[in-house]
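Undergrad: Got a predicted structure plus its sequence, pasted below:
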Amino acid sequence: MRTKTILELLTLSTSLYHLAKETQLIDRFNEISDKGKDSLNHFASEKLTDEDGNEMEFIDKVIFKTAQAKQELEDKIEELIVKFYQKVNIAHTDEILALKDQLEKCDQAIALLEARVNHIEAKK
């Protein structure tokens, strides 16, 4: 009889524990949902004006904010790629072009030096 009661109490306590965890999860979802609602309400009530000084409509605000977020994302991705290239030591096209220009200048300098040497040898 006592074993049955202990088992029932254990199952009841685990059930209560799982219910408590679920309510904590539901409370967390409600908290996140409220924050999302607040930020969405703030976004909708925010006054944005176009170039003419007229207030933008909601859809125009969404398009403007989307374009702004896209630009920020592209900038962040570019920054991360540059860091990755530096970390992995991969030559970027800008670096390759700079090295090519430098090589061409060195070739010109070598050609001038050869011409000077030939000129000096021709005098002797």
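TA: Thanks, I have it.
Undergrad: lowest-pLDDT helix or strand in this structure?
TA: Across the helices and strands of the chain, mean pLDDT, DSSP states H and E gives its lowest value to helix 2-45, namely a mean of 74.
Undergrad: Tell me the helices and strands packed up against that helix.
TA: helix 58-88 (3 or more C-beta pairs under 8 Å, 6 or more residues apart in numbering; DSSP states H and E). C-beta: built from backbone N, CA, C; applies to glycine.
Undergrad: The helix it packs on: which residues count as buried?
TA: Across helix 58-88, burial judged by 16 or more other C-beta atoms under 10 Å covers K61.
Undergrad: how much distance is there from that helix to the middle of the chain?
TA: 6 Å (C-alpha atoms, centre = their mean, to the nearest Å).
Undergrad: Show me what that helix is packed against.
TA: helix 2-45.
Undergrad: any idea how far the spatially most central residue of the chain is from A98?
TA: Most central in the chain under C-alpha atoms, centre = their mean is K76, positioned 4.1 Å from the mean C-alpha point. Per C-beta to C-beta, to the nearest Å, K76 is found 25 Å from A98.
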